[in-house]
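# Got a predicted structure here, sequence first:
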Amino acid sequence: MKKILIPASLMVLALLCFSTFAMIGSYIDAEGFLIEPFFLVPLGYLFLTISLVWFLVLGVSKLLLSKK
């Protein structure tokens, strides 16, 4: 249970980044510049990728250790 706590929390952070990006939205200010919280998208993908790789490593290691 402890082993999946960090990747699960990274998955939650990724979902929070994506949902926050969708909730904040984007708009054009008075000078014509697009204002959006774009940094949340790559940050969300980073958290998602790290958590999926971590889950994959945990799964493979569990399978290899159970065969021995």
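In hand now; what should we look at?
# CA only for contacts and neighbour counts going forward, please
Noted.
# ok, residue 38 touching residue 21?
Yes: under the criterion of CA atoms under 8 Å, residue 38 makes contact with residue 21 at 7.4 Å.
# out of these two, which sits in the more crowded spot?
Shown here are residue 38 and residue 21; by other CA atoms under 10 Å, residue 21 has more neighbours (18 against 11).
# What pLDDT is listed against that one?
In this model, residue 21 is scored at 96, pLDDT.
# Now name the helix or strand holding it.
Residue 21 is part of helix 5-24 when elements are defined by DSSP states H and E.
# now what about that helix, what contacts it?
Here helix 5-24 makes contact (CA atoms under 8 Å, 6 or more residues apart in numbering) with 36-38, 40-41, 43-48, 50-52, 54-55.
# swap the cut-off to 10 Å and go again
Residues outside helix 5-24 that contact it (CA atoms under 10 Å, 6 or more residues apart in numbering) are 4, 25, 36-55, 58.
# quick one, phi/psi of residue 28?
phi -110, psi 130 (degrees, to the nearest 10).
# and it, how many residues sit next to it?
Number of residues near residue 28 (other CA under 10 Å) recorded here: 10.
# for the one 5 residues further on, same thing?
The local packing of residue 33 (other CA under 10 Å) involves 9 other residues.
# Over to residue 66?
Neighbour number of residue 66 under other CA under 10 Å is 8.
# For it, which residues are in contact?
Counting by CA under 10 Å, 6+ apart, residue 66 touches residue 60.
# just residue 59 next, same as before
53, 65.
# Does it lie in a helix or a strand, and which?
Going by DSSP H and E, residue 59 is part of helix 40-67.
# That helix to helix 5-24, inter-axis angle?
Angle between the axes of helix 40-67 and helix 5-24 is 160 degrees (criterion: axes from the mean of the first three to the mean of the last three CA atoms, to 10 degrees).
# buried set for the helix holding residue 21?
By 16 or more other CA atoms under 10 Å, the buried positions in helix 5-24 come out as 7, 8, 10, 11, 12, 13, 14, 15, 17, 18, 21.
# Export the residues you listed as JSON lines, with columns for distance to residue 30.
As requested, the buried residues of helix 5-24 are exported to JSON lines (distance: CA to CA, whole Å):
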{"residue": "7", "distance to residue 30": "42"}
{"residue": "8", "distance to residue 30": "41"}
{"residue": "10", "distance to residue 30": "37"}
{"residue": "11", "distance to residue 30": "37"}
{"residue": "12", "distance to residue 30": "35"}
{"residue": "13", "distance to residue 30": "33"}
{"residue": "14", "distance to residue 30": "32"}
{"residue": "15", "distance to residue 30": "31"}
{"residue": "17", "distance to residue 30": "27"}
{"residue": "18", "distance to residue 30": "26"}
{"residue": "21", "distance to residue 30": "21"}
